[in-house]
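Trainee: coordinates only, sequence not included:
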């Protein structure tokens, strides 16, 4: 292990040091009063360090891979996690929740470490270990509100579904080892096996990761966990956890199973349709905003599957671009919801009736973010969906594109329900004027700036495409 290797693995090394720092700092007396600000500052420095240039390298005999694409994916997750920490600051500074700060940060950092290993894995064993490291702390985060029954229920449901998904994925990996005789990505990519057993192994692998990204029919845990978990944890689930699983799925399918493109595109074709339709139909019925965002995220994953229909670099570029846009849009929505919830404890759609009259700034941020999720121009969400549709159409998947367009039109209706509640519906006692903290303002500014700037500049997509 050389200094050069440590620099290449700086995301994992620095995150390990940050975890140790968090453990030691949490033991100090009166540490809880400053732990939020100190952690955010240190994590900001960590995020900045991740953008330093590096070189493409393979370490540990091919088990760890670092290149420009993987650095980009890690940096996206780091920025999103930083925004989550900024949004969670008010909740953690509340005297009722202050004692949870140490557990919250350690769990977040531990699961982020697992996600980094998933992305840099060059071997299915490292991928699986990273997946377990990313999953187990999430179950603890879901049940962090020990006083609430629904939070404990969320933790149990997530634990059970994660156990099942891990077992399914591991069974698929054992079949792959029997077929290929190796777990190394580089070796499997050179082997061609179109037997029924290899197809079955790939289906098990897709099913295992399908739980993590909430593809239908593997989505049944999502709404209950989103509703039961603390709002900051729900935000992390919907963006960072889902993003890491999607990036991992993309890397494995494109770089390892490129010889089985017809198999996984056919499987994802049908999963995309059923995911979009089910997500939309259930989102129409939701009144609780956390459950609403859960089914919204399921629908967005269905749209994301269109990028997988294109087996070229264009497909990967559109997936990463759309995930970045989705993450910033979702974080902006949850940022506004967290400000409302921390001040009032309210989290239903009816609670937002007349919200614009008292909180015009927050209402406009929510409006732009929902328009981005719906794909309305000129915000970035429109270009994200346009690139996905283009990627699928360039591969001749016109029927799938038509179904996606119809579902995008349907999704516009329920996103506008939230807009209608804020701007049109009357309320004799609307939510009082709310004041965001400095951390919350920074988080919202990052999200809103990203949603607007990414939509108007072509350089972001051009850079993503260049690293493929």
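Mentor: Good, I have the coordinates. Every value quoted in this text rests on a predicted model; they were computed, and no experiment measured them. Numbers count the residues shown, from 1 in each chain.
Trainee: and residue 355, what does it touch?
Mentor: If a contact means CB atoms under 8 Å, 6 or more residues apart in numbering, then residue 355 has 362, 363, 421, 422, 430, 431 as its contacts. From N, CA and C alone the C-beta is placed, and that goes for glycine too.
Trainee: quick one: it from residue 426, how far?
Mentor: 11 Å (CB to CB, to the nearest Å).
Trainee: cool, and residue 234?
Mentor: In this view, residue 234 and residue 426 are 29 Å apart by CB to CB.
Trainee: now for the helix or strand containing residue 277, which elements pack on it?
Mentor: Assigning secondary structure by DSSP states H and E places residue 277 in helix 261-283. If you count contacts as 3 or more CB pairs under 8 Å, 6 or more residues apart in numbering; DSSP states H and E, helix 261-283 packs onto helix 196-213, helix 289-304, helix 398-423.
Trainee: residues in contact with it?
Mentor: When contacts are taken as CB under 8 Å, 6+ apart, the neighbours of helix 261-283 outside the stretch itself are 199, 202-203, 206, 210, 215-217, 219, 223, 253, 257, 292, 295-303, 305-306, 308-309, 311, 395, 397, 400, 403-404, 407, 410-411, 414.
Trainee: same list (the helices and strands packed on helix 261-283) but as JSON lines, adding distance to residue 168.
Mentor: Formatted as JSON lines, the entries for the helices and strands packed on helix 261-283 read as follows, by distance: least, CB to CB, whole Å:
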{"stretch": "helix 196-213", "distance to residue 168": "5"}
{"stretch": "helix 289-304", "distance to residue 168": "18"}
{"stretch": "helix 398-423", "distance to residue 168": "26"}
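Trainee: tell me the most buried of the ones you listed?
Mentor: helix 289-304 (a mean of 25; mean count of other CB atoms under 10 Å).
Trainee: that helix: how far from the chain's middle?
Mentor: Mean C-alpha position of helix 289-304 versus that of the full chain (CA atoms, centre = their mean, to the nearest Å) differs by 11 Å.
Trainee: next: stretch 239-248.
Mentor: Per CA atoms, centre = their mean, the displacement of stretch 239-248 from the mean C-alpha position of its chain is 4 Å.
Trainee: and for stretch 239-258?
Mentor: For stretch 239-258, the separation from the chain centroid amounts to 11 Å (computed by CA atoms, centre = their mean).
Trainee: OK, contacts around residue 166?
Mentor: When contacts are counted by CB under 8 Å, 6+ apart, residue 166 is found next to 128, 131, 132, 135, 208.
Trainee: got a quick ChimeraX command for the buried subset of the residues you listed?
Mentor: One line in ChimeraX is enough to select the buried ones among the contacts of residue 166; burial here means 16 or more other CB atoms under 10 Å:
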select :128,131,135,208
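Trainee: quick one: which two of the contacts of residue 355 are the most distant?
Mentor: With distances taken as CB to CB, the most widely separated pair in the contacts of residue 355 is 362 and 421, at 13.1 Å.
Trainee: okay, the closest residue to residue 309 other than its chain neighbours: pLDDT?
Mentor: Leaving out its chain neighbours, the residue that sits closest to residue 309 by CB to CB, 6 or more residues apart in numbering is residue 392, at 4.3 Å. Residue 392 is assigned a predicted lDDT (pLDDT) of 90.
Trainee: residue 392 touches residue 304, doesn't it?
Mentor: No: the pair residue 392 and residue 304 fails to qualify as a contact (CB atoms under 8 Å) at a distance of 10.9 Å.
Trainee: compute the inter-axis angle for the helix holding residue 277 and helix 289-304.
Mentor: Per axes from the mean of the first three to the mean of the last three CA atoms, to 10 degrees, the angle that helix 261-283 makes with helix 289-304 is 150 degrees.
Trainee: buried stuff in helix 261-283?
Mentor: For helix 261-283, burial by neighbour count (16+ other CB under 10 Å) applies to 261, 263-265, 267-269, 271-273, 275-280, 282-283.
Trainee: repeat that for stretch 345-354.
Mentor: The neighbour-count check on stretch 345-354 (16+ other CB under 10 Å) flags 347, 349, 351, 352, 353, 354 as buried.
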